[in-house]
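J.: Here is a sequence together with a model predicted from it:
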Number of protein chains: 2
Amino acid sequence: MSILTGARMMNDGQGHLFMVGGGEDRRGAMRVLARYVELCGGPDRPIAVVTSASAIADQMWELYDSVFGELGVRHRFCVRPETAEEADDADGERQILEAGGVFMSGGSQQRLVEILNGTRLHRAMRQAFGRQGACLGGTSAGAAAMARLMLARGTREKLPDKRTARLESGLDFLRQVVIDQHFSERQRLARLLSAVAQSPDLIGVGIDEDTALIIGSNGQIEVFGAGAVTLIDGRRMSSNIARAGTQENLELIQVILHLLPADSRYDADHLDADGRPAAATEALINVLQLVGQVRL
Amino acid sequence: MSILTGARMMNDGQGHLFMVGGGEDRRGAMRVLARYVELCGGPDRPIAVVTSASAIADQMWELYDSVFGELGVRHRFCVRPETAEEADDADGERQILEAGGVFMSGGSQQRLVEILNGTRLHRAMRQAFGRQGACLGGTSAGAAAMARLMLARGTREKLPDKRTARLESGLDFLRQVVIDQHFSERQRLARLLSAVAQSPDLIGVGIDEDTALIIGSNGQIEVFGAGAVTLIDGRRMSSNIARAGTQENLELIQVILHLLPADSRYDADHLDADGRPAAATEALINVLQLVGQVRL
């Protein structure tokens, strides 16, 4: 395994990571899921749906089976391990290695990671992405789980404190981010700030509903869908987290926030200034290079 | 009239500005309103309640009459002009000039400013603050109205765009801020970002419910109550607002955010680093000096 900047390691043969903030349209134009199918290589490529995160996995499979069917995808199959043992399944591994994409449903990111982490299926996903150019996607919990560290439990506190966010290991496809979903819809700035205050080296990534953050070949980063992606950069932040009591509200000074609206594309390595001042362009390049750090 | 940094122009004889984000406790310990009474000079000093913002002005007066009564304030009176003509009233002017504090209720900040702006009562408030050290306070609409520019209408959009915020003239006690209230409770980051994108020279100030931002003598800035004050500094921000369509979501790069929890005190002119790195301390001093720019 190698850790490289997304920009430098992905060539056109390699895949995409596709993180949806939950609540993607599944009835109307289904723009976000249609874009997902496109990045899987189109409707002729098989799509594996992983529903392990969900407590209603059967219904979840019926839903995505029907939706991807409507989008023209002919080969759809469900991969639904309920334990880590089941996720060491050779059949599932083979199916994933042949797929154009793997899409992880919502539910509990903790459950998803407990089942998948370190198993054959997990390794197969990484290989499918790195070797065959598969599109690894997830929505809500399925998106949150894709980073090295994830928000395992987040209370709905209005303000950041030490307890609002607990970080646990995720599937480690993305190295330098912590992802929160339903971001603008569920007032999650406080919990993302809490996570960044705990781990200021990670970029906080807040993805709105019906919106995808797509990390693609050659350093391309795309925001697609209805909402926006909010990036929280705490590397120059000063916080009192070390001194604060457990429930005490935090003081956070000099947090840098970037708001990337749909539908925008950014090339971290060759970013067009596009009217931006040099300092802003530099700050954006710098943060996008971290966001794009994919682990093969 | 002179425009000076709050820090430099206010001596101990001068007053305080007291902006509450709405929803202050009026039944329990009433900490925020008790602090207000204290800054008015204690229960022996008269308090004028201005209810002009409210459509239910009588009930509003009954409420604050009872609350300030419970807090021991003996001399309470209501100032309730319904038109600009009524706000040129000499009796009201005299009462305000004798008061230890003027407290503006919630309601519509547009209505409040339309009635008060440029009248005798408005001038009397400024004089009471500058000469007699009165505490000028307001909650919700009453707080929003205290800046030079205020959010006159803000839709509940989830994301910043050109139409989310409209800025109009306020009572101009504070020069360099735009205030939003109920901040963490009502998901108002988007509309405050919209306001700052329109006027990047203004510091966006988001005040939570049951929380006061207090701008006091000698450059003291205090956050008091249950929540926090969020400061949005867009002076180094790059935005596409000039090019974006009316309903298009905005791209905002390099917005700086500071979160000041209750109960914190900051002296903009003599800020103790308090464990903060020099750059963060400098950024904080710089933004607090703008927040503290009071117009006498």
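T.: Alright, I've got the coordinates. Residues are numbered from 1 along each chain as shown, chains lettered A, B, ... in the order given.
J.: Can I get stretch A:248-265 in CSV, CA atoms only?
T.: In CSV, the C-alpha atoms belonging to stretch A:248-265 read as follows (Å, rounded to 0.1, in the frame of the first residue of the first chain):
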residue,chain,number,x,y,z
GLU,A,248,-17.2,23.1,28.5
ASN,A,249,-17.8,24.9,25.3
LEU,A,250,-14.7,25.3,23.3
GLU,A,251,-12.9,28.5,22.2
LEU,A,252,-11.8,28.1,18.6
ILE,A,253,-9.7,30.9,17.0
GLN,A,254,-8.8,31.2,13.4
VAL,A,255,-10.6,28.2,11.8
ILE,A,256,-10.5,28.5,8.0
LEU,A,257,-13.7,27.6,6.2
HIS,A,258,-14.2,27.0,2.4
LEU,A,259,-17.5,26.5,0.9
LEU,A,260,-17.5,24.7,-2.5
PRO,A,261,-20.9,24.8,-4.2
ALA,A,262,-22.3,22.3,-6.6
ASP,A,263,-21.5,22.0,-9.5
SER,A,264,-17.9,22.9,-9.3
ARG,A,265,-14.7,21.1,-10.4
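J.: just how off-centre is it within its chain?
T.: Distance, stretch centre to chain centre, for stretch A:248-265: 17 Å (Cα atoms, centre = their mean, to the nearest Å).
J.: residues of it that come out buried?
T.: A:249-262, A:264 (16 or more other Cβ atoms under 10 Å in any protein chain shown). The C-beta positions use only the backbone N, C-alpha and C, and glycine is treated the same way.
J.: go on, stretch A:68-84?
T.: A:Phe68, A:Leu71, A:Val73, A:Arg76, A:Phe77, A:Cys78, A:Val79, A:Arg80, A:Pro81, A:Ala84.
J.: hmm, which two among those residues are most spread apart?
T.: A:Leu71 and A:Ala84 (31.4 Å; Cβ to Cβ).
J.: ranges for the strands of the stretch 1-150 of chain A?
T.: Using DSSP state E, counting those that start in this stretch, the strands of the stretch 1-150 of chain A run over A:3-5, A:16-20, A:47-50, A:76-79, A:101-104, A:135-139, A:149-154.
J.: nearest to chain B, of those?
T.: strand A:149-154 (14.9 Å; Cβ to the nearest Cβ).
J.: before we move on, back to that, of the buried residues of stretch A:248-265, which are in range of chain B?
T.: The subset of the buried residues of stretch A:248-265 within reach of chain B, counting by Cβ under 8 Å from any Cβ of the partner chain, consists of A:249-262, A:264.
J.: Restricted to strands, list these.
T.: A:Leu252, A:Ile253, A:Gln254, A:Val255, A:Ile256, A:Leu257, A:His258, A:Leu259, A:Leu260, A:Pro261, A:Ser264 (DSSP state E).
J.: farthest pair in these?
T.: Among those, A:Ile253 and A:Ser264 lie farthest apart (Cβ to Cβ), at 28.6 Å.
J.: What residues are bridge-paired with A:Val79?
T.: Judged by DSSP bridges, the bridge partners of A:Val79 are A:Val50.
J.: could you dump the strands of the stretch 1-150 of chain A to CSV with distance to A:Met30 and mean pLDDT?
T.: Listed next are the strands of the stretch 1-150 of chain A as CSV, based on distance: least, Cβ to Cβ, whole Å; pLDDT from 0 to 100:
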stretch, distance to A:Met30, mean pLDDT
strand A:3-5, 32, 40
strand A:16-20, 12, 97
strand A:47-50, 14, 98
strand A:76-79, 15, 96
strand A:101-104, 13, 98
strand A:135-139, 12, 98
strand A:149-154, 26, 81
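J.: closest one to A:Ile207 among those?
T.: Closest among the strands of the stretch 1-150 of chain A, using Cβ to Cβ: strand A:16-20, at 5.9 Å.
J.: Give me the distance from the closest one to the chain's centre.
T.: Worked out by Cα atoms, centre = their mean, strand A:16-20 lies 6 Å from the chain centre.
J.: Sounds good, over and out.
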